[in-house]
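In: This is a predicted model, with the sequence first.
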Amino acid sequence: MQGSHIIQPNSNSRSRSQSEFLPTAMRIVFFLIVVCAVLIAAFTFYPEWTRLTDMKQDLASKTARFEELKKSTFEHEQEVHLLQTDKEYLEMIARDRLDLMKDGETIFRLSSAKPRP
């Protein structure tokens, strides 16, 4: 009995290790398939992702430029409106650009440039 008892656990141990090997192997194969699928998806979509990121940055810079131009346009429209409707403003601009002054008027010009050392 003892001899047959020793052989039997070995055969159970062998069949047990074979029965445990198959689920473990299936898990490993499934994991490798998932990793391959993720890598394929990453390599497929990475160029599109970088393109999307570049397009978002380009849109942001163009939006900022558009806002600058919109502000500049508004300022120019205001100046045109003032030149067309406000005679005092028109006179002030004309005298400034032509470097003219009225009798008894003193003009002080301040320069924003830094003095030379």
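Out: Cool, the structure landed.
In: From residue 45, how far out is the most centrally placed residue in the chain?
Out: Centroid-nearest residue in the chain, with CA atoms, centre = their mean: residue 57, separated by 4.8 Å. Applying CB to CB, to the nearest Å, the value for residue 57 to residue 45 is 18 Å. From N, CA and C alone the C-beta is placed, and that goes for glycine too.
In: again, but for residue 26
Out: Noted for residue 26: a distance of 28 Å to residue 45, by CB to CB.
In: And for the closest residue to residue 93 other than its chain neighbours, the neighbour number?
Out: Counting by CB to CB, 6 or more residues apart in numbering, residue 93 lies nearest to residue 83, which is 7.0 Å off, once chain neighbours are set aside. Residue 83 sits with 13 neighbouring residues when counted by other CB atoms under 10 Å.
In: Okay, residue 82 and residue 88: tell me how far apart.
Out: Distance of residue 82 to residue 88, given as CB to CB: 9 Å.
In: the more surrounded of the two?
Out: The neighbour comparison of residue 82 against residue 88 (other CB under 10 Å) goes to residue 82, with 15 against 8.
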